[in-house]
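Peer 1: one predicted model, sequence on top.
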Amino acid sequence: MKTQDRLEAVIAVVVKDDHLHARWLNTFSFLEYVGFRKIVKSQRAEVLNRTLLMHALEEGRHALLLKKLAVKLGGKEFDFYRPQTMLCFEAAKRYFQDLDHGCDAKFAHLDDATRSKLVYLYVTWLIERRALDFYGRYKDLLGASDVAPRLNALLAEEVGHLRAVEAGIAAGDPDHAERSAEFEALESDLYNRFIDALAEEVAPSRAGIAI
């Protein structure tokens with residue numbers, strides 16, 4: 001089964017069970033929080049301009065939105081990022097960390113400031129492209145759920161982030177065409193592993209139905 005078909009099969013299971021759905025929401029709240037934290041930690045104060053601050057704040061707001069939805073569906077235990085309140089916690093962390101480290105390694109020969117900027121741009125570009133597809137599919141499969149309209153602002157902001165970093169990459173990296181393809185392949189492999197982990201963890205909830 002193709003990765004996107006597997007993802008949709010997982011979502012179809014998740015949205016039928018409030019507790020499972022809460023774990024799902026808390027997982028992606030955590031990933032949004034990791035994105036927020038990485039922006040703040042990776043950028044020196046002298047380059048932390050309004051655009052970067054706005055991006056960080058919006059990622060933090062996304063984390064809070066998803067967290068609130070998780071708590072609403074699952075209760076107060078979802079107010080924290082504990083492994084038992086998420087799906088495939090370690091795999092979720094590895095997806096983001098391995099992507100960040102993989103991009104960083106490609107720019108190891110550059111000075112710290114240039115490397116930090118390019119890693120931020122490429123990791124953000126990869127994550128935002130994936131997020132738009134991921135959240136878009138999730139929203140479509142939510143149907144009439146009151147969670148669906150809550151994702152509209154998140155999706156709109158992700159579009160804005162993607163446009164901004166695409167412009168930054170084009171302006172800051174003359175080798176972006178070749179490098180982008182290499183990074184896309186890296187992200188695709190890591191994403192497929194993450195979806196495999198999600199499918200494996202959710203599968204027991206679908207007795208007798210293959211994901």
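Peer 2: That came through, no problem.

Peer 1: so the nearest residue to I11 once chain neighbours are set aside is in which element?
Peer 2: The spatial neighbour of I11 that comes closest, neighbours along the chain excluded (C-beta to C-beta, 6 or more residues apart in numbering), is L141 at 4.8 Å. For the C-beta atoms, the positions are set from N, CA and C on the backbone; glycine is no exception. Counting by DSSP states H and E, the element that carries L141 is helix 112-142.

Peer 1: OK, contacts around the residue nearest to I11?
Peer 2: E8, I11, A12, V15 (C-beta atoms under 8 Å, 6 or more residues apart in numbering).

Peer 1: next one: V119
Peer 2: By C-beta under 8 Å, 6+ apart, the residues touching V119 are S42, D100, C103, D104, F107.

Peer 1: just the ones of the residues you listed in helices?
Peer 2: In helices, defined here by DSSP state H, the members of the contacts of V119 are S42, D100, C103, D104.

Peer 1: among those, which one lies nearest to E90?
Peer 2: Minimum distance to E90 across the ones in helices among the contacts of V119 is 15.6 Å, recorded for D100 (C-beta to C-beta).

Peer 1: what's the burial count for G75?
Peer 2: Applying other C-beta atoms under 10 Å, we find 13 residues neighbouring G75.

Peer 1: ugh, wrong one, I meant G168
Peer 2: Look at G168: counted by other C-beta under 10 Å, it has 19 neighbours.

Peer 1: quick one: the helices in this protein?
Peer 2: Ranges of helices in the chain, per DSSP H, are 3-14, 18-42, 50-74, 89-106, 112-142, 152-172, 176-202.
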